[in-house]
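Asker: no sequence for this one, just the structure:
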């Protein structure tokens, strides 16, 4: 399967809601997403992404055959980290394990490094999310270490892993 990243469209809200209304996906994301995730939640998110500063927020729909199957974004950090971006992503469960997310990560990082002054992109997956860690490794990210007891998710204190990719490594 070949995936493409593209800018969001408001008409993507239904596919976005279908992908995100899954506890297995939400258990691997930060808190704050409504469950179930509705089409209106998708419209609100897409509207926010479309109105954000394009030099601060690089947000894309992940598509297969022009159907939205996930979301990916790089979010510029502030202050002394202003040339660093944090990567976040998810994909619908039926597309897990097919190499789509790795390809989306590569496409996104190439775009951000080419279109901005960002020099470092990092991601902090939950340590138990081996599939996400593997995506980053296959996309060329370097493992930097484990952030011990770094988060509380679903009532449990968990570790996170730190991965990064530098512009000079692309």
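Answerer: Ah, there it is. Here the structure is a predicted model, which means the values were calculated and not measured. Numbers count the residues shown, from 1 in each chain.
Asker: burial count for residue 128?
Answerer: 15 (other Cβ atoms under 10 Å). In short, each C-beta sits where N, CA and C put it, glycine included.
Asker: wasn't it part of a strand?
Answerer: No - membership of residue 128 in a strand is not supported by DSSP: H, G, I helix; E, B strand; the rest coil, which gives coil.
Asker: once you drop chain neighbours, what's closest to it?
Answerer: residue 158 (6.8 Å; Cβ to Cβ, 6 or more residues apart in numbering).
Asker: so what's that neighbour bridging to?
Answerer: residue 151 (DSSP bridges).
Asker: surely it touches residue 126?
Answerer: Yes - judged on Cβ atoms under 8 Å, residue 158 makes contact with residue 126 at a distance of 5.6 Å.
Asker: which of those two has more neighbours?
Answerer: residue 126 (20 against 16).
Asker: was I right to think that one contacts residue 152?
Answerer: No - here residue 126 does not reach residue 152: they are 11.1 Å apart, not a contact under Cβ under 8 Å.
Asker: overlap of the contact sets of these two?
Answerer: residue 158 (Cβ atoms under 8 Å, 6 or more residues apart in numbering).
Asker: all set now, cheers.
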